[in-house]
Each structure stands twice: as C-alpha cells, then as structure tokens.
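Participant: Okay, sequence plus prediction incoming.
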Amino acid sequence: MSALLKLDRCVDRIADLTGVLAGLLITYCMVLGVVDVFLRYALNSASLWIGPTLQAAMVLIACTAGVYAFKEGTFVRLDVFYDGLSRRTKAILDLLTAGLGLIFLWVLMWKGKEAVELALLLKQTTPTVIPMPLAPIKAAIPISAMLMTIFVIRQIIKDIVTLIGPERPVGSDEAHEVLKAK
C-alpha cells in the first residue's frame, strides 16, 4: 500500500474519530441540558457548573463536527447550483474557493495559537464557581483548523486529478474518490 494511501486512510480515521466525539458531545449537551432545566424548574436548585460546561462542549462540537462534515462531503455549500454541475466544473469551483478557505484556516490557526498562548500565560479560567481552564478549549480551534487544512489540501489534489485525468461519464461523481482504494 502506498504511503499516500496510508496517510489518506489515517486522516479519514481521525475525521471519523472527530465525528464520534461530536456525537458524544451532542449527547452530553442534550442530557445535561435536560438535567439543568429539571434542576432549575422542578427542584428550584440551579446548577452552577452545567452552563459553562455546555458552552465549552458547544465550542468543541463546532470544531469536531466541522472536520467530520467536511470529510463526509456534507459541509456547508450552495447546493442549489453546485449539484447540477459537471465534475470538472465542480473541481474548478472547488479550486477557486479553496484559496479563500485556506486563508481563513490559516488565520484560525494563527489567532487560535495566540489565544491558547495567552490563556496559558494568564492561566485563564471560566469565571464560574468551578473554574475550568480555557486553554484546552481554545486549543480545539487551531487543532481543528489544522485538520480542516489537511482535508482542503486533499480536496485540492483530488480536484487537480479530476481536471487533468480522463473524462468520466456523466453521473459518475461518486467515482471522485481518487485516492481511496475500493
């Protein structure tokens, strides 16, 4: 098996793990959200720690689910126009927008790294009864941006292969998985 194929599968496994983590975090938010409402309104005993942990979990959901959604091809895009286009036209549009995406991801990594360094330097915590350190939560942003960058670069490679490769029949968009062995 080629090194590129092994790397591709490794990246896919990491994305799958982020999807599982996102699912667990969503479950956590649902369960503890219900518990918080029950404690507050049924028992008149509000929790001081559930709210901040739910906020942290939502940040982590955005980071982990975004990576998984991009891997699965369900990330945000304007499907109204995109789905009706040919594979080559999709590849051209993907390449045109990839540059903007990479710039955005670079800024997320750069500023996210600065935010983590500042959180560590100042020993930032949540301003609650149970102070949670903010650095690990803030670290999720540049880490997920790095993972997204890997997926964007992989998509760029696939789009270039689509443009220089042989023409495939209409309707074979699913065959766009260039790097994967079936």
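Facilitator: Yep, that arrived. Residues are numbered from 1 along each chain as shown.

Participant: which parts of the least confident helix or strand in the chain by mean pLDDT are buried?
Facilitator: Scoring the helices and strands of the chain by mean pLDDT, DSSP states H and E places helix 79-82 at the bottom, with a mean of 71. Within helix 79-82, no residue is scored as buried using 16 or more other CB atoms under 10 Å. Every residue, glycine included, has its C-beta placed from N, CA and C.

Participant: One more: stretch 129-144?
Facilitator: Neighbour-count burial for stretch 129-144, counted by 16+ other CB under 10 Å, picks out 132, 134-135, 137-144.

Participant: Could I get the average pLDDT for it?
Facilitator: The average of the pLDDT scores along stretch 129-144 is 90.

Participant: Give me the residues contacting that stretch.
Facilitator: Contacts with stretch 129-144, where a contact means CB atoms under 8 Å, 6 or more residues apart in numbering, come from 18, 48-49, 52-53, 56, 59-60, 63-64, 66-67, 108-109, 112-113, 115-116, 119-120, 123-126.

Participant: Mark which of these are buried, thanks.
Facilitator: By the neighbour-count criterion of 16+ other CB under 10 Å, those include these buried positions: 18, 52-53, 56, 59-60, 63-64, 66-67, 108-109, 112-113, 115-116, 119, 124, 126.

Participant: Tell me which of these fall in helices.
Facilitator: The helices in this structure, assigned by DSSP state H, contain 18, 52-53, 56, 59-60, 63-64, 66-67, 108-109, 112-113, 115-116, 119 from these.

Participant: now stretch 32-51: how far from the chain's centre is it?
Facilitator: Taking CA atoms, centre = their mean, to the nearest Å, one finds stretch 32-51 lying 30 Å from the centre of the chain it belongs to.

Participant: Can you dump the C-alpha atoms of that stretch in CSV for me?
Facilitator: Below are the C-alpha coordinates for stretch 32-51, written out as CSV (Å, rounded to 0.1, in the frame of the first residue of the first chain):
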residue,chain,number,x,y,z
LEU,A,32,-27.2,17.8,30.8
GLY,A,33,-29.4,20.5,29.2
VAL,A,34,-32.4,18.5,30.3
VAL,A,35,-30.9,17.9,33.7
ASP,A,36,-30.2,21.6,34.1
VAL,A,37,-33.8,22.5,33.2
PHE,A,38,-35.1,19.9,35.6
LEU,A,39,-32.9,21.0,38.5
ARG,A,40,-33.8,24.7,37.9
TYR,A,41,-37.5,24.5,37.4
ALA,A,42,-38.6,21.2,39.1
LEU,A,43,-36.3,21.3,42.1
ASN,A,44,-35.6,25.0,42.2
SER,A,45,-31.9,24.2,42.6
ALA,A,46,-30.0,25.7,39.7
SER,A,47,-26.6,24.2,38.8
LEU,A,48,-23.6,26.5,38.6
TRP,A,49,-21.4,24.2,36.5
ILE,A,50,-23.7,22.8,33.8
GLY,A,51,-24.0,26.0,31.8
